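Test case, fold it:
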Amino acid sequence: MRLSNDVIEDVIIEVAGADVVPLVRALKNKKNVSEFKLAERIKEEVNRTRNMLYRLHNANLVSFIRKKDKKKGWYIYYWTFDMKRVRYLVRELKKKRLKKLNERLKREKESQFFVCPNKCIRLDFDQAMNFEFKCPECGSIIQQEDNKELIEDIEKKIHELKNEVIEEEKPVRKVKVKKKIKVKKKKIKKVKKVKKKR
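Residues are numbered from 1 along each chain as shown. Predicted structure coming up:
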């Protein structure tokens, strides 16, 4: 599965926050980059850069090695971005979305919902009873919602996500191409060394 930059950035935003995206751009496809160089590249303070790196590290999206500075005696951390983990997180986030969509579909099918004609609020049956079928925002009488289109939309999203997850989990087959190579065998003549007589 090849990941586009947009997909990678969406995963980063969901896992570590939008402010981390420039750091990932600076770190992507590079190995063992000093946190000081990263801070310089993204024009941020070192402490703020470290905070971003720690958030990425909590999601296992970066790894580091540390080396001791011989002059100053402190440790410098060198960071590497892990693309394999992004692929894993993409699948996991899709599974999580799928689970939430299934829960929402169940709730939509099992409950009755009421909406304000002014589109102020949407309530389930129990909430509507508590407000005596009046909108708590504008006071209008709320009406029962026909949520068939919403249910169909959720089912469509579930179907698409399921197909994506199934497709991504299929093992990738490597096709071996067999080439026939003709080797010409040459006859090798053995040469005997003749000792010279003196």
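
Could I get the full set of helices for this structure?
For the chain, applying DSSP state H gives helices covering 5-16, 21-27, 35-42, 46-58, 83-110, 125-130, 148-169.

tell me the average confidence for the first one?
Per-residue confidence for helix 5-16 averages out to 86 on the pLDDT scale.

how does this protein divide into domains?
Per automatic domain parsing, the domain ranges recorded for the chain read 5-81, 92-169.

Take the ones you listed and lay them out in CSV including mean neighbour count.
In this view, the C-beta of every residue, glycine as well, is placed from N, C-alpha and C. Putting the domains of the chain into CSV (neighbours: other Cβ atoms under 10 Å) gives the following:
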stretch, mean neighbour count
domain 5-81, 15
domain 92-169, 13
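
Nearest to residue 67 among the helices of the chain would be which one?
Counting by Cβ to Cβ, residue 67 lies closest to helix 35-42 out of the helices of the chain; the figure is 11.7 Å.

tell me the angle of the closest one relative to helix 46-58?
Angle of helix 35-42 versus helix 46-58, following axes from the mean of the first three to the mean of the last three Cα atoms, to 10 degrees, is 100 degrees.

pLDDT (mean, whole number) over helix 35-42?
Computed over helix 35-42, the average pLDDT equals 91.

Which strands and helices lie in contact with that helix?
On a contact count with 3 or more Cβ pairs under 8 Å, 6 or more residues apart in numbering; DSSP states H and E, helix 35-42 meets helix 21-27, helix 46-58, strand 75-81.

chain center to it, what's the gap?
Mean C-alpha position of helix 35-42 versus that of the full chain (Cα atoms, centre = their mean, to the nearest Å) differs by 24 Å.

Need the residues that contact that helix.
22-23, 26-27, 45-46, 48-50, 53, 76-79 (Cβ atoms under 8 Å, 6 or more residues apart in numbering).

again with stretch 99-118
Against stretch 99-118 from outside (Cβ under 8 Å, 6+ apart): 121-125, 128, 133, 135, 137-138, 140-145, 147, 150-151, 154-155, 157-158, 161.

try it again with 7 Å
For stretch 99-118, contacts defined as Cβ atoms under 7 Å, 6 or more residues apart in numbering pick out 122-125, 128, 133, 135, 137-138, 140, 142-145, 147, 150-151, 154-155, 157-158, 161.
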